[in-house]
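A.B. asks: okay, predicted coordinates and the sequence, questions at the end:
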Amino acid sequence: MRRDLTASIAAALAFTVIFGIAYPLITTGVAQVLFPGKSDGSRIEREGETVGSSLIAQSFLTHEEIPEAEREEGGPKAIKAPDPRYFQPRPSVTTYNPAGTGFSNLGPNNKELANRTAQLLENYLELEGPFTPELGEDDVPVDAVMTSGSSVDPHISIANARIQANRVAEVRGIPLDRVNDLIDENTDDRDFGLLGEPGVNVLELNLDLDEETT
Amino acid sequence: MTANGWLQIVFYLAVLTALTPVLGGYMARVYQGQPLLLERVLEPLERFVYRLLGPSARSEQDWKAYAKTTIVFSAVFFVVLYVILRTQGIHPFNPEGFDSGPWDLSFNTAASFVTNTNWQYYGGETTLSYFSQMAGLAVQNFVSAAVGMAVLAAVIRGLASRGARELGNFWRDVTRTLLYILLPLSFVGALILVSQGVIQTFSGWVSYQTVTGVDQTLALGPGASQIAIKQLGTNGGGFFNVNSSMPFESPTQFSNFVELLFILLIPAALTATFGRMVGNRRQGWAIYVAMLIMLVVTIGVGYAAESNGSPAQEAAGIEVDAGASDVDVEGSDEQAGGNLEGKEQRNGIATSVTWANATTAASNGSVNSAHDSYTGGGGLPLLFNMMTGEVVFGGVGSGLYGMLLMVLLAVFIAGLMVGRTPEYLGKKVEAREVKLVMIGTIVVPLLVLVATAIAIASEHGDVSIFNPGPHGFSETLYAYTSQGNNNGSAFAGYTGFVQPNAPGNPGAYGITFADLIGGLSMFFARFVPLLAALGVAGSMATKRISPAGPGTFRTDTPTFVALLIFVVVLVAALTFFPALMLGPIVEGLTDSLVFPG
C-alpha cells in the first residue's frame, strides 16, 4: 500500500510533466513553425487589421441608431437588420460568439423550436423573396433556418448561397454570373470528393465581394 | 438519405476495419514486451519513469495486487485533479483570470476525468484556464485511457495464461501504453489537426472589429494537442463548450473524418490485440464483427431518422428532403436537408450521425453536433449504444474487458442450452467466474436506473432539466446513462452548473445534487466492472487449458457472433426498455409539440 502510494505520487509528477507540460509545449512549438497562421486561429486581415477568422462566422447587419427622442423605454437603441449587400450566415443562438460557444439545445418536439424556425423562415422569405420571386416556403434550404452546432458555423449550403446571390447581385449591381463565380471560388468542396457536405464560406465570399465593388 | 451519405459511412467503416489488425498487432507487441522501433527514441524516457517509480515497476503482480495498484493510482490522480481545479485562481497560464471551481462541480469534473468519462458540466473556454486544461484535464486524458488499456492487457494475459498467477505489472503496462501508443498517435494526430486549422497556441484571446464593425473575440489556446488525445483515448472532454462542433476543434470535413476515425481506432484495434495475445486471431475478429454489426444497425437507424427531419421542422413548414427544391435557381437543390438543428453545414447529416453513434458506442463522448436536438429516432440509438454497458467498442480497454464479461455470459448461456460445462479459450467457466460476470454486468444498469429515478422523482433533479415533456425525461435518462457508463456525451440541456456571468467564474455555482449523483455513478461504473474483470482473469489464469474436441462450443464462428449480439441486446433491452418507452420512444411516436415551462 505504501509502495503503491509513493509510486503513484511519483507517477503523478512524472506524467504531469510529460503529458501536461512537455507534450503541449512541444506540439505548440512544432505547430507554430509548420502551420503558423492556422495554429493561431486562421485570422483574416484587411488593410492590416484583423477583421475575422475564416473558420468563424460573423454577423452582417446594418446598424441604424434610433434617435434618443424616439427610443422606447427599455427598448433597443438601434435597429439591426440583415445587410442586403452581404451574404448572410446561418442563424446563431450566441450572436456569433466564438468565446462562449453554444447550441440551441431545443428538442425535436419543442414548440419553441417550431416557432423559432417559422420565424426564421419568414425572415428569410422577406429578405430574399423580392429578388427571387418564385421562392416558397418549401424551397428554403434547411441550413438557412436551423441554428448550427457551434453557432459560428462559417459555411452555408450551396443552395442557400445561390438563392442569396440573386439579392446580392442586384443590390450591388454586379452581374449574377460574377457573383456565382465568387461562390464557386469560396466553396469548400467535400474533401476527396466524398467527405462531409460542401459549404460556402460566407466571410471569405463577402470580403471578395467588397474587393470586387471597391 | 443520400447515396453519398451511405458511401461516407461505408468508407469510414472500411478504413477502420483495415487499420484494426495493423494497430492491433503493434499494440500486442507493446504488451508482450517485444522490440519496437519507437524504443530507439523513447526508451530513455521509459527507463527514467521506472527509476522514479522505484521497485514497484519490477515485480510481477497477481490480480489482487494489480487491482490494488489501479485503485490507489486512480485515487491519487483524483485528488491531484480536484486540487488543481479548486485552486485554479492561483496558477499560471490563466490569461483570462478565471476563478477556482466550486467544490461540487470540481468533484464531478475530477471524477469525470479520472474515470475516463469526461462528462462536461463545466464550460471549457468559459471556466477553465490553460493550466487546468493542460496539467489537469489533458494529463487525465492520457492517464485514464492508459489505465483502461493496462487493465485490459492484464485481463487478456489472465485468459491466455498457462497456469501462471501473475497478470503482468501495472506500472509497466501503463507506462508503455502512454509512451508507445498514446503519445506518438496523439502527437501525429495533433499536427494533422493543426494542418486543417485547429488552434494550437499560448497567446491570449484576440479581439477585433468585424467587417461590419461588431466586436468579436476569439477564444484560443493549445487545442489540437488536447483534442487529439480526447478523441484517441475515448475521453471526449472538449476544449470548447460545444466540443468538436466548434470549427476551431474540427474545421474541415477531413479533420472531422480524422477525429471520427480516432474515436474508434484504439477500441477496434484492441480486439486484434486480444486475438494475437490469446494466440487465435479469429477470436479477436469474432468480437470485432459482433461490435461492428451492432454499430452499423444503430448508425442506419439514426441516419434514416435524422434525414426525415423533426416534428418542429414539419410544423414550421420546412422541406427536409435533401435536394428538394423546385425554385428556378441553378444549384438551389444543393443542400443537406434533414434535421440540421445543432449540426454544422460541413458535417451534414451522415457524418454527424456516424459520429454521434461512434462516440456513444465507444464511450468517447465528444460530439460534433447537438445530441439534444436529435429526433426521437436519432436519439434512441445513442442511448441504446450506451445502455449496452459500453461494450460495443466501448472505452479504450474498458470496452473490451466489459465485452469479455459479455462473452463469458454468452458462453455460459450456450453451455446451459446444450448441457455442457461452458468453456472459453479452452478454460472452464465455473460458478465463481459467472458470479463475477453478473456483478460486473448488473451494477452499472442498476446505477443508471436508480440515479434517473431519484432525479426524476425529486425536485432536486428538476432544476437540471432544460426541455419540457418526454424530452426532459430523455435528457435525465441520457445524463445518468452517460455518466453511469463512463461515456460523457450529453443531451447538453441537462446541467449541473450555472454561470450567470460568462466568461469567468464570478457568481457561478454547481448544482450539488446533479454533480454528486453523477460523480458517484461515474466512480462505480468505472471500478466495479474493472474489478470484476480482473477477478475473472485472476481465477481463469490458473486454470488448465484443455484441447478443443468435437464437442467444444466454438467462439470464433458466425454462430457465436450472433449469440453474443443476442446476449448484449437482450441484457440491455430487458433492463432499459421501460425507461426508453417513457423518453425517446414516446417522442418518436408523437408529432405533437410541447410548450416549455
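C.D. replies: Okay, I see it. Everything quoted here is computed from the prediction, not taken from an experiment. Numbering: from 1, shown residues only, chains lettered A, B, ... in the order given.

A.B. asks: okay, the residue nearest to B:Phe98 when sequence neighbours are not counted: pLDDT?
C.D. replies: Closest residue to B:Phe98 apart from its sequence neighbours, by C-beta to C-beta, 6 or more residues apart in numbering or on different chains: B:Ser129 at 5.0 Å. (Each C-beta comes from the backbone N, C-alpha and C, glycine too.) pLDDT, B:Ser129: 83.

A.B. asks: quick one: the strands in the chain?
C.D. replies: Looking at chain A here, since you left the chain open. Using DSSP state E, the strands of chain A run over residues A:43-46, A:49-53, A:61-65, A:78-82, A:155-156, A:187-188, A:199-201.

A.B. asks: wait, chain B
C.D. replies: Going by DSSP E, chain B shows strands at B:206-209, B:215-218, B:423-424, B:427-428, B:497-498, B:509-510.

A.B. asks: picking that back up, tabulate the strands of chain A (TSV), appending mean pLDDT.
C.D. replies: Listed next are the strands of chain A as TSV, based on pLDDT from 0 to 100:
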stretch	mean pLDDT
strand A:43-46	94
strand A:49-53	95
strand A:61-65	86
strand A:78-82	87
strand A:155-156	96
strand A:187-188	94
strand A:199-201	96
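
A.B. asks: would you turn those into JSON lines with distance to chain B and mean neighbour count?
C.D. replies: Formatted as JSON lines, the strands of chain A follow (distance: least, C-beta to the nearest C-beta, whole Å; neighbours: other C-beta atoms under 10 Å in any protein chain shown):
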{"stretch": "strand A:43-46", "distance to chain B": "7", "mean neighbour count": "15"}
{"stretch": "strand A:49-53", "distance to chain B": "4", "mean neighbour count": "20"}
{"stretch": "strand A:61-65", "distance to chain B": "6", "mean neighbour count": "13"}
{"stretch": "strand A:78-82", "distance to chain B": "10", "mean neighbour count": "13"}
{"stretch": "strand A:155-156", "distance to chain B": "4", "mean neighbour count": "28"}
{"stretch": "strand A:187-188", "distance to chain B": "7", "mean neighbour count": "18"}
{"stretch": "strand A:199-201", "distance to chain B": "4", "mean neighbour count": "27"}
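
A.B. asks: hang on, the earlier thing: touching, the residue nearest to B:Phe98 and B:Phe93? I think so.
C.D. replies: Yes. Contact criterion C-beta atoms under 8 Å: B:Ser129 and B:Phe93 qualify, at 6.0 Å.

A.B. asks: so between those two, which is more surrounded?
C.D. replies: Comparing B:Ser129 with B:Phe93 by other C-beta atoms under 10 Å in any protein chain shown, the one with more neighbours is B:Ser129, at 24 against 16.

A.B. asks: report the contact partners of that one.
C.D. replies: If you count contacts by C-beta atoms under 8 Å, 6 or more residues apart in numbering or on different chains, B:Ser129 has them with B:Gln88, B:His91, B:Phe93, B:Asn94, B:Pro95, B:Glu96, B:Phe98.

A.B. asks: same list, those, but as TSV with pLDDT please.
C.D. replies: Converted to TSV, the contacts of B:Ser129 look like this (pLDDT from 0 to 100):
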residue	pLDDT
B:Gln88	87
B:His91	85
B:Phe93	80
B:Asn94	80
B:Pro95	76
B:Glu96	74
B:Phe98	81
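
A.B. asks: can you tell me which of these are buried?
C.D. replies: For those, a burial check counting by 16 or more other C-beta atoms under 10 Å in any protein chain shown picks out B:Gln88, B:His91, B:Phe93, B:Asn94, B:Glu96, B:Phe98.

A.B. asks: so what's the backbone phi/psi at the residue nearest to B:Phe98?
C.D. replies: Main-chain dihedrals, B:Ser129, degrees, to the nearest 10: phi -80, psi 170.

A.B. asks: stretch B:37-47 and chain A in contact?
C.D. replies: Yes. Looking at stretch B:37-47 against chain A by C-beta under 8 Å from any C-beta of the partner chain, the contacts come from B:Leu45.
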